[in-house]
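**Student:** sequence plus the predicted model coming up.
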There are 2 protein chains.
Amino acid sequence: MRVLITGGGGFIGAHLADLLRERGELGGRRIEALALADQALPETAGETAIRGDLTQPAVMAKVATFRPDVIFHLAAVPGGASEADYALGRRVNLDASLSLFEALAASGTRPTVVYASSIAVYGTDLPDLVTPRTPLRPPLTYGAHKQVCEILLADFTRRGLLDGRSVRLPGIVARAKTSAGLSSAFMSDILHALKAGETFTCPVGPEATAWWMSAQRCAENLVHAAVMDASRADPGGAWPLPVLRLSIGDIIDTCSARYGESRRGLVSFQPRPEVEAVFGRYPRLDDASARALGLRDDGSADDLVRRALGEIN
Amino acid sequence: MRVLITGGGGFIGAHLADLLRERGELGGRRIEALALADQALPETAGETAIRGDLTQPAVMAKVATFRPDVIFHLAAVPGGASEADYALGRRVNLDASLSLFEALAASGTRPTVVYASSIAVYGTDLPDLVTPRTPLRPPLTYGAHKQVCEILLADFTRRGLLDGRSVRLPGIVARAKTSAGLSSAFMSDILHALKAGETFTCPVGPEATAWWMSAQRCAENLVHAAVMDASRADPGGAWPLPVLRLSIGDIIDTCSARYGESRRGLVSFQPRPEVEAVFGRYPRLDDASARALGLRDDGSADDLVRRALGEIN
């Protein structure tokens, strides 16, 4: 089994690579070769490092030459950055993804592609319960391109050229503090601040609700997505990862219970309407189809916080 | 008002150009200049002919230089042909459409774009009633690319760079007999045969139901789509054109009543499962949102047939 991770040097990619190294197998088959593709990568013994980005033909050629059986496609320009630079977002999030699907399809081996889509496909002004029938209205170009890639991947799957599985990632925590271009960075920043006992100015109010997942649980879900039996599932081939829906108040309560009641006074609120609209009004999510396939959330707010902050695995 | 039609030399494009010439205005504004873009175009006095296809940079440059206020984007490789030649379908139906949207967005004048999407976005195995909440599962790459372009156009509209309106065209009749690459050609062919009193072998059974519209009514709907007030409509910006849902049996009944009972014996049936699955099982369509905006069907099966066969306008 040969496994490739695009964006393998990124926040989620690094967690996923760690998990795959630790397990050494995928779906009962030994991982003989692991390749990471990213702009910058550390030197890791015995692994293939493909440095550069997927918009470069030479990088795409190396990906094809590696002939992966399973590909985790995580590489992307985040939402804020791709909204600010349309051409960059188009090139990386749309063009390079489609080129990757085409290159993999051309291998003739029908590899499995786990595509990291995003809850950014859903949009604002959502109903009280988001279901598989809720029309998608992406509020940023980033989400529109994610939705487009879900459709293109499903089409390659329908044609029998790839075995695609798109999973929509919620807010994944806790990223390092400088997450350039990531509009939802506050979800990670507040966790770091509350653990460290630092003050934090929150761009959404205490009632703002979001969909949360730790990077570790996200990596486990990505691995599971590669091996789950999706054959009888919806031909759309896209699932939201099951989430914990938590308010900022819930996060403060959870961190205060764990790190001390003094934490409560550290957070002040300066809600920004444009951030609240996109990241602060997530309603309930009907994720039954994803749970039925074995995908799962972090279990509890306390486990989410501890996992996100590296205290448990 | 400057108006451009891509695919202006095609079946629907020619009907649309005729209608615009006849009316001379759009939404109460005089049409000062009409441009048609297509691979082959007749010489028409006073009009701009842009010969070539949109995948050629020189053609795209001419489109941008024309600076249209309203664009009808009809140019496409049909479903059967794009399924047989993926690269061609991608280049024309996906890449050229996105390039067109980008070129028009760069004008800075927020032109109106009426995009001819297709009921090919819906898919097979549809529920008894198709609604705006029915998940789209395009059964051909053609439909997947149409869905993708709807999403991309809606994103340009959200960003305030274009005023996009995607309308999903049903089976449009009656095309000339040699419609290469068009899997639904039988819908037109049966009409021509029944009028002419010729035998016809139908690739779907008499119970097969499809969604029908005459080219004339389609052209009227495209014109209306350019001027209708879509500002408070769903930000997805895509509507099915209201359709007549008719079985092949209904078509035979209608033509027999009009052209003579002898027509009944002319049609024999050799149903092909792959054609029936895609073109013969259209259920009821909830097109209320499209009707509320003023879009409309042909009124009756008899009017559809007469209009399609050029007997009334």
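**Tutor:** Done, it's in.
**Student:** can I assume residue A:306 is in contact with residue A:300?
**Tutor:** No. Applying C-beta atoms under 8 Å as the test, residue A:306 and residue A:300 come out as separate, 9.4 Å apart. In short, each C-beta sits where N, CA and C put it, glycine included.
**Student:** looking at the two, which is more packed in?
**Tutor:** residue A:306 (18 against 11; other C-beta atoms under 10 Å in any protein chain shown).
**Student:** any idea how far the more buried one lies from residue A:210?
**Tutor:** Distance from residue A:306 to residue A:210, counting by C-beta to C-beta, to the nearest Å: 18 Å.
**Student:** before we move on, what about residue A:154?
**Tutor:** For residue A:154, the distance to residue A:210 equals 27 Å [C-beta to C-beta].
**Student:** and what of residue A:247?
**Tutor:** 8 Å.
**Student:** more neighbours, these two?
**Tutor:** Between residue A:247 and residue A:210, counted using other C-beta under 10 Å, the more crowded position is residue A:210 (24 against 17).
**Student:** ok, the more buried one - contacts?
**Tutor:** Listed by C-beta atoms under 8 Å, 6 or more residues apart in numbering or on different chains, the contact set of residue A:210 reads A:170, A:171, A:184, A:187, A:245, A:246, A:247, A:248, A:279, A:280, A:282.
**Student:** next SSE downstream of whichever helix or strand the fifth one is part of?
**Tutor:** Secondary structure assigned from DSSP states H and E places residue A:245 in strand A:244-247. Under the assignment DSSP H and E, the closest C-terminal helix or strand after strand A:244-247 is helix A:248-259.
**Student:** quick one: low-confidence residue ranges for chain A.
**Tutor:** Applying pLDDT under 70 to chain A flags the ranges A:178-181.
**Student:** domains of chain A: list them as residue ranges, please.
**Tutor:** Residue ranges for the domains of chain A, per automatic domain parsing: A:2-172+A:212-240, A:174-210+A:244-285+A:299-308.
**Student:** and the stretch 1-150 of chain A, which residues reach chain B?
**Tutor:** A:123, A:132, A:133, A:134, A:135, A:137, A:138, A:139, A:141, A:144, A:147, A:148 (C-beta under 8 Å from any C-beta of the partner chain).
**Student:** tell me the residue of the stretch 1-150 of chain A that sits nearest chain B?
**Tutor:** Scanning the stretch 1-150 of chain A for the residue nearest chain B gives residue A:144, at 4.0 Å (criterion: C-beta to the nearest C-beta).
**Student:** residues near residue A:134, how many?
**Tutor:** Residues near residue A:134, counting by other C-beta under 10 Å, number 17.
**Student:** that one looks like it's in a strand, true?
**Tutor:** No. Using DSSP: H, G, I helix; E, B strand; the rest coil, the secondary structure at residue A:134 is coil, not a strand.
**Student:** residues contacting it?
**Tutor:** Contacts of residue A:134 by C-beta under 8 Å, 6+ apart are A:122, A:126, A:127, B:133.
**Student:** follow-up on the earlier one: from the residues of the stretch 1-150 of chain A next to chain B, which single one is nearest residue B:221?
**Tutor:** residue A:135 (22.0 Å; C-beta to C-beta).
**Student:** isn't that closest one up against residue B:132?
**Tutor:** Yes. With contact defined as C-beta under 8 Å, residue A:135 reaches residue B:132; the gap is 6.5 Å.
**Student:** list residues touching both of these two?
**Tutor:** Counting by C-beta under 8 Å, 6+ apart, the residues touching both residue A:135 and residue B:132 are B:234, B:236.
**Student:** and residue A:120, what does it touch?
**Tutor:** Here residue A:120 is in contact with A:79, A:138, A:139, A:140, A:142, A:143, A:146 (C-beta under 8 Å, 6+ apart).
**Student:** and the spatially closest residue to the first one that is not a sequence neighbour, what are its phi and psi?
**Tutor:** The one in question is residue A:79. Distance criterion C-beta to C-beta, 6 or more residues apart in numbering or on different chains; nearest residue to residue A:79, sequence neighbours excluded, is residue A:142 at 3.8 Å. Phi and psi for residue A:142, reported as degrees, to the nearest 10, are phi -50, psi -50.
**Student:** for the spatially closest residue to residue A:76 that is not a sequence neighbour, give its distance to residue A:41.
**Tutor:** The shortest distance from residue A:76 to any residue other than its chain neighbours is 5.3 Å, reached at residue A:93 (C-beta to C-beta, 6+ apart). Taking C-beta to C-beta as the measure, residue A:93 falls 20 Å from residue A:41.
**Student:** sounds good, over and out.
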